[in-house]
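# Give me the fold of what follows.
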Amino acid sequence: MLSRVLLKGAEGVTSSSSGTPQPQCIADLQRFIERHGYATRAETFDYLSRPPFSPLLLDEHMEQQQAATWQRMQHIAELNLIEGNWAWPTPEQNNNLWARLECLSMHDISLATTIGAQLGLCGGAISTMGTDEQREEFLPDISSCKIRGCFAMTELGHGSNVRGLETTATFDEATNEFVVHTPSDSAQKFWIGNAVLAKRAVVMAQLYTKGTCHGVHGFVVELRDENGDLSLGVRVADVGHKMGLNGVANARIWFNNVRVPGKNLLSRYGSVDQDGTYSSMIEDPNIRFTIVLAELLRGRIAIIANATGVAKVSLATAIRYGLSRRQFKIGDGKEETLIMDYPIHQRRLLPHLSMVYALQCASHRIQKMWNSRSEDIVQRTRQMKEIHLVSSGFKAIGGWYVRDAVQACREACGGQGYASWNKIGFMKADFDASLTYEGDNHVLLQGAATQITKLYRRGLKQRHFPADSLLFIHSSTLKFGSPLDEPCPVVWLDCAPGSDQDGERTAHRDQRDPGQSGYKDASTLLDTDAFKQATTGLTHPVWLWNCLQVREKSYLDALAENVEKKAQFFAQQMDTSEAEERAWTALGSEAVECGKALFERLMFQWFVDDMVAMKGKEAAYPMLVKLASLLGVWLIVRDERFAAMGTVSPGRWAEMRQELEVSLVEIRKDVECLVAGLAVPEFFLGPIGRVSGSNDEFWSYEQTLRNSRFAGRAKL
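Take a look at the predicted model:
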């Protein structure tokens, strides 16, 4: 179905590595990339190829872009393309939603972001924080796009620190109303998506009753009346032109003692009686706060999927351009050389191709975690904490990977990459905002690494890690085709090689007490010639996986030790109750680096897991093995601390730099199949990324004049 869009002229062409016809190989790779929602994706691509979604006019003014985005948004609602029960969607509905948003992000990030603001945040907040009655009252007009909605949480003075929001909602017992107020300019709601002309907002504010603050809660506030006029006490201003995403109507909002009916408090987790008595089924305010915000993580999971979509379009465009663009002759050849055949060009792009395959695996794994949540509140709370940590980590490292990949694509295409019609430039500008919204990446990664290191320290002291800890592997594969059948510590592995009956090598698992006498650290075994020979060289996924684990353990050990030292230092200078918190704050940069090591290992691990499941696919499987090898070597070679920290010896690290060049040559042989496997429809690509010969007309003088705003000055 989708493969036919991508395979014009591919009949009879074979994969260079297997001799299998390309169409089947590409179909297998596309299944590996997509996993679910095949019909949803095909339907979405079909709609996006036609008005009002195409063509995108890249030189419109901000107001025109925002009007066009809302028109497309309403059209999506009319077509019922965003389906599902926003309160308790089924796994299939969730998968279809993520698949559709990923498709939209490959074409129009402003539209995908507006859907997230209208349905994911505003609609999602009503669904998850509201009661059945509130969902019935407030949700239909939002879901149908009959009115515009927004989610007002971020303030000028508070973004990542949601607990510190200044906006207040004080209960008035006399009128059974909440008075929503902006006490200072720093409390103004800022960067609120879809808010310029929004009628309804879910406003996050500090709830006060009888002089007591009960923490941040959500309130449905009508910003405008039926005539579109602002409600009494509400002020709204456009944030102005941005470096990207100008199709999203971001606004600033102030509230001057705006009165809201008492029933508009989203009261699934906390309610106020008419006499001002607050009650909640969750007594602990910290747990209540965590649960309320955790239910909104579906949007963060969508951001990870959307990031892969942006990377796929950029890489497909740049790599295809590299397969058609020629520059300079090598030797006495008649033709100039394809730029993709230059090692320097391969190194600029192909590692990012391996990354996007791996990040797609991580995205699907996190989606599966979300869909597997328990209905039991205790179990669900634990699961949501883990989803929060994992989604935080992958939003951060995934966002940075994609940012770097898009920039590499822009530069690799030379001047053509700078032209808006080739899409890379404007996608780069639009995507950049995702590094900040739904959580600043550095803050998210610091928080995730801090929590995991605390688990690690606790495990060290107790000499025990719980089986459900993130420090354990549940479904990892250390040898091809044979998954582990019990949890295994991520950071403590005896890496001595062993052989299975097929002659393949794997690392033995050692689950002894780490404090036990005679325990052997994995890092003492990684550099042995025996292991190198047993694993067919330094590009074997087992070897690479263990290298990444040992680096992770080194970071965890260093961070845990440095926190102890810092805390002791601060304890001598101040109240001991603040010492450890100050220590973690002081080591924020180190925590970010630790987080990168942890989530890079986890991404590689999940990629290898999913790769092994493809072993029966004779053409696609060898390509995925090559991609895994390239990714692992690249992650190690780009981090000189592997050698500096002693994870691998300087000599072995230098050898791995050479292996990187070998891996790039191997991937170059299959790059056409691997790019087609990304499943990017050709109409998403700029002219330089289309099949050779299909864009010749674009470069003609006549077509240039037709596309030019100055066409009327010349006669054809």
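
# Quick check: which element contains the residue nearest to the spatial centre of the chain?
The chain has Ile304 as the residue nearest its centroid, 1.7 Å off, counting by Cα atoms, centre = their mean. According to DSSP states H and E, Ile304 maps onto helix 298-322.

# Which of the helices or strands spans the nearest residue to the residue nearest to the centre of the chain once chain neighbours are set aside?
Nearest non-adjacent residue to Ile304, counting by Cβ to Cβ, 6 or more residues apart in numbering: Ser363, 4.8 Å away. All C-beta atoms are positioned from the backbone trio N, CA, C, and that covers glycine. Secondary structure assignment for Ser363, by DSSP H and E: helix 343-371.

# Sort out which residues of that helix are buried, please.
Residues 345-346, 348-367, 369-371 are the ones in helix 343-371 that count as buried (16 or more other Cβ atoms under 10 Å).

# go on, stretch 158-178?
Result for stretch 158-178 [16+ other Cβ under 10 Å]: buried residues 158-159, 162, 165-171, 177-178.

# May I ask which two of those are separated the most?
Greatest spatial distance among the buried residues of stretch 158-178 (Cβ to Cβ): Gly159 and Glu177, at 28.7 Å.

# Verify the contact between the residue nearest to Ile304 and Ser391 for me.
No. If you go by Cβ atoms under 8 Å, Ser363 and Ser391 don't touch, sitting 9.9 Å apart.

# overlap in contacts of these two?
Shared contacts of Ser363 and Ser391 (Cβ atoms under 8 Å, 6 or more residues apart in numbering): 301, 304.

# Tell me which residues are up against stretch 281-301.
Contacts of stretch 281-301 (Cβ under 8 Å, 6+ apart): 94, 98, 116, 120-121, 124-125, 128-129, 162-163, 214-218, 269-270, 280, 363, 366-367, 370, 381, 384-385, 387-388, 391-392, 395, 438-439.

# how many neighbours does the nearest residue to Val202 once chain neighbours are set aside have?
Among residues not flanking Val202 along the chain, Ala125 sits closest, at 4.3 Å (Cβ to Cβ, 6+ apart). Using other Cβ atoms under 10 Å, the number of residues around Ala125 comes to 29.

# In a helix, Glu133, correct?
Yes. Under DSSP: H, G, I helix; E, B strand; the rest coil, Glu133 falls within a helix.

# ok, now how distant is it from Lys263?
8 Å (Cβ to Cβ, to the nearest Å).

# Pull up the distance across stretch 266-278, start to finish.
13 Å (Cα to Cα, to the nearest Å).

# Check which residues of that stretch are buried.
Applying 16+ other Cβ under 10 Å to stretch 266-278 flags 266-272, 276, 278 as buried.

# got the contact list for it?
So stretch 266-278 is contacted by 125-126, 128-131, 134, 171, 173, 176, 202, 207, 209-210, 212, 214, 217-220, 262, 265, 279-282, 288, 291-292 (Cβ under 8 Å, 6+ apart).

# Pull the number of nearby residues for the residue nearest to Ser354 when sequence neighbours are not counted.
Distances taken as Cβ to Cβ, 6+ apart put Leu631 closest to Ser354, at 3.9 Å, once the chain neighbours are dropped. Neighbours of Leu631 under the rule other Cβ under 10 Å: 27.

# My guess is Leu631 contacts Ala358. True?
Yes. Contact status for Leu631 versus Ala358: in contact at 5.5 Å, counting by Cβ under 8 Å.

# can you list residues touching both of those two?
Residues touching both Leu631 and Ala358 (Cβ under 8 Å, 6+ apart): 604, 607.

# rewinding a little: now render the buried residues of stretch 266-278 as JSON lines, adding pLDDT.
As requested, the buried residues of stretch 266-278 are arranged in JSON lines below (pLDDT from 0 to 100):
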{"residue": "Leu266", "pLDDT": "95"}
{"residue": "Ser267", "pLDDT": "93"}
{"residue": "Arg268", "pLDDT": "91"}
{"residue": "Tyr269", "pLDDT": "89"}
{"residue": "Gly270", "pLDDT": "91"}
{"residue": "Ser271", "pLDDT": "94"}
{"residue": "Val272", "pLDDT": "95"}
{"residue": "Gly276", "pLDDT": "92"}
{"residue": "Tyr278", "pLDDT": "94"}
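
# any chance of the residues you listed in CSV, plus secondary structure and distance to Gln74?
Formatted as CSV, the buried residues of stretch 266-278 follow (DSSP: H, G, I helix; E, B strand; the rest coil; distance: Cβ to Cβ, whole Å):
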residue, secondary structure, distance to Gln74
Leu266, coil, 25
Ser267, coil, 30
Arg268, coil, 29
Tyr269, coil, 32
Gly270, coil, 34
Ser271, strand, 34
Val272, strand, 36
Gly276, coil, 41
Tyr278, strand, 39
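
# which among the residues you listed gets closest to Ile452?
Tyr269 (26.7 Å).

# quick one: that closest one and Arg365, what's the gap?
Taken as Cβ to Cβ, the span from Tyr269 to Arg365 is 28 Å.

# same deal with Leu104?
Leu104 is 22 Å from Arg365, by Cβ to Cβ.

# then stretch 95-115 to CSV, C-alphas only?
The C-alpha coordinates for stretch 95-115 follow below in CSV (Å, rounded to 0.1, in the frame of the first residue of the first chain):
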residue,chain,number,x,y,z
ASN,A,95,-1.8,3.9,18.7
ASN,A,96,-3.8,5.5,16.0
LEU,A,97,-3.6,8.9,17.6
TRP,A,98,0.2,8.7,17.9
ALA,A,99,0.5,7.4,14.3
ARG,A,100,-1.6,10.2,12.9
LEU,A,101,0.2,12.9,14.8
GLU,A,102,3.6,11.5,13.6
CYS,A,103,2.3,11.6,10.0
LEU,A,104,1.1,15.2,10.5
SER,A,105,4.5,16.2,12.0
MET,A,106,6.2,14.9,8.8
HIS,A,107,4.2,17.5,6.8
ASP,A,108,3.0,20.4,9.0
ILE,A,109,4.4,20.7,12.5
SER,A,110,2.2,23.7,13.3
LEU,A,111,-0.9,21.6,12.6
ALA,A,112,0.4,18.7,14.8
THR,A,113,1.1,21.1,17.6
THR,A,114,-2.3,22.8,17.4
ILE,A,115,-4.0,19.4,17.6
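
# Buried residues in that stretch, which are they?
Those buried within stretch 95-115 under the rule 16+ other Cβ under 10 Å are 95-115.

# What is the neighbour count of Phe328?
Neighbours of Phe328 under the rule other Cβ under 10 Å: 8.

# check contacts around the residue nearest to the centre of the chain.
359, 362-363, 366, 391, 394-395, 398.

# Can I get those residues in TSV including pLDDT and distance to Gly37?
Listed next are the contacts of Ile304 as TSV, based on pLDDT from 0 to 100; distance: Cβ to Cβ, whole Å:
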residue	pLDDT	distance to Gly37
Leu359	97	17
Ala362	95	17
Ser363	95	12
Ile366	94	15
Ser391	94	19
Phe394	96	19
Lys395	96	21
Gly398	96	19
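
# ok, which pair from the residues you listed is furthest apart?
Leu359 and Ser391 (12.9 Å).

# Which of the contacts of stretch 281-301 fall in helices?
94, 98, 124-125, 128-129, 363, 366-367, 370, 381, 384-385, 387-388, 391-392, 395 (DSSP state H).

# all strands of the stretch 451-600 of the chain, in order?
472-473, 477-479, 482-483, 488-489, 497-499, 505-507 (DSSP state E, counting those that start in this stretch).

# Does the nearest residue to Cys213 once chain neighbours are set aside belong to a helix, a strand or coil?
Using Cβ to Cβ, 6+ apart and skipping the chain neighbours, the partner closest in space to Cys213 is Gln206 (5.4 Å). Look at Gln206: counting by three-state DSSP, its state is strand.

# about what we covered before: so which helix or strand takes in the residue nearest to Ser354?
Assigned by DSSP H and E, Leu631 falls in helix 620-637.

# other SSEs contacting that helix?
The contact analysis (3 or more Cβ pairs under 8 Å, 6 or more residues apart in numbering; DSSP states H and E) places helix 620-637 against helix 22-34, helix 343-371, helix 541-571, helix 588-612, helix 650-669, helix 671-676.
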